[in-house]
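Visitor: quick one, structure for this:
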Amino acid sequence: MFDEDTRDAAATNLEGFGDALAGRGQSLNQAIGAFRPLLRDIIPVAQNLSSRETDLPRFVGALAAAARIVAPAAEAQAELFVNLDTTFGALREVARPYIQESISEGPETLDAAIEGFPVQRPFLANTEALFRELRPGVRALRGAAPDLADALELGTPVLRRSPAFNERLASLLTELQTFAEDPLVPRGINRLTDTVRTLDPTLQFLAPAQTTCNYIAEWFRNIGSLLSEGDRNGTWQRFIIVATPQGPNNEGGPSSGPADGPTLENHLHTNPYPNTAAPGQPRECEAGNETFIKGKTVTSNVPGTQQAVTEGKP
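Guide: Numbering: from 1, shown residues only. Below you'll find the predicted structure:
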């Protein structure tokens, strides 16, 4: 019924299977016995897989769709696994003891972090607030960097001489400590504090006369030349006295009232309390900037707001 090649192949198969099964009867019996639980347990599994609720065909179709979607990226995935092999090959050289120790000591590190981080939280919050407040200063440092570099370069020799200077300061600091421990010193400081507090409104009113209008510096500068400069008629102070306008109650002699005409020039112009940008006043430096109003007597602040600058002071 079979040709010679088929018969030879059948004989070869029979010989091969015979040799494979020869002497393994006990093992085959054990294997068949072990199949019983498998066959018993596979029945509910097969029932679940064949159930409509399982929808196994849809699952298989989804797997096919997923395989079709990732098919274009198969080469990239293959390259990923090749690169992963390279990475893990490099890690193998430091796996022991370095990575092994980091893994074994990881739990203790995490326990320390759990215990320490809550304590560090206020410090980190304060540090964050500090750096936020430092931002304007840090931005300003960019323009001041050359000056700071020069200051550090010049300050290095000074710092080298500071130890000797500090030794000389020791006696001074000792005396200062003795002074600070004197029971009368706090009383004096309290009195000084009361004095400064009492003078504060006055200083608030007088300070703009110099800080804004520069009147004090201007006065000391001009008073020195009042009696030393002039022309052939005399110094400016002497000349001003004899060159007053003519008319009743002029400024050249005694008067019974303010000069008030009849000429345009014979009118008194005085401002005992000019505005100096003090609290409650317009921001103006009135003295020296007010205009001369011809034909009108002025004995108070002139109309309008004058400029808030004087010579040498913006």
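Visitor: switch to C-alpha atoms for all contacts and neighbour counts from now on
Guide: Fine.
Visitor: shaky segments in the protein?
Guide: The chain contains residues with pLDDT under 70 at 227-230, 233-243, 312-314.
Visitor: can you do 90?
Guide: When residues are selected by pLDDT under 90, those of the chain lie in 1-61, 63, 66-81, 85-113, 115-121, 124, 131-132, 134-190, 196, 199-314.
Visitor: and it, what are its domain boundaries?
Guide: 79-181, 212-242 (automatic domain parsing).
Visitor: can you give me the helices for the stretch 151-300 of the chain?
Guide: Using DSSP state H, counting those that start in this stretch, the helices of the stretch 151-300 of the chain run over 184-211, 215-226, 236-242.
Visitor: ok, back up a step: export the domains of the chain to a markdown table and tack on distance to Leu192?
Guide: Listed next are these as a markdown table, based on distance: least, C-alpha to C-alpha, whole Å:
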| stretch | distance to Leu192 |
| --- | --- |
| domain 79-181 | 15 |
| domain 212-242 | 25 |
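Visitor: tell me how many other residues surround Pro201.
Guide: Using other C-alpha atoms under 10 Å, Pro201 has 11 neighbouring residues.
Visitor: sorry, wrong one. I was asking about Glu53.
Guide: Residues near Glu53, counting by other C-alpha under 10 Å, number 8.
Visitor: just Leu169 next, same as before
Guide: Neighbour number of Leu169 under other C-alpha under 10 Å is 12.
Visitor: for Leu206, same thing?
Guide: Leu206: 15 surrounding residues under other C-alpha under 10 Å.
Visitor: grab the nearest non-local neighbour of it.
Guide: Ala278 (6.9 Å; C-alpha to C-alpha, 6 or more residues apart in numbering).
Visitor: okay, that neighbour and Phe205: tell me how far apart.
Guide: According to C-alpha to C-alpha, to the nearest Å, Ala278 stands 5 Å off from Phe205.
Visitor: then Leu84?
Guide: 79 Å.
Visitor: what about stretch 287-302, how long is it end to end?
Guide: 10 Å.
Visitor: ok, now which ones touch the residue lying closest to Thr299 once chain neighbours are set aside?
Guide: Excluding its sequence neighbours, the residue lying closest to Thr299 (C-alpha to C-alpha, 6+ apart) is Thr270, at 4.8 Å. Thr270 makes contacts with 298-300, as judged by C-alpha atoms under 8 Å, 6 or more residues apart in numbering.
Visitor: list buried residues within the residues you listed.
Guide: Burial by neighbour count, 16 or more other C-alpha atoms under 10 Å: within the contacts of Thr270 this picks out Val298.
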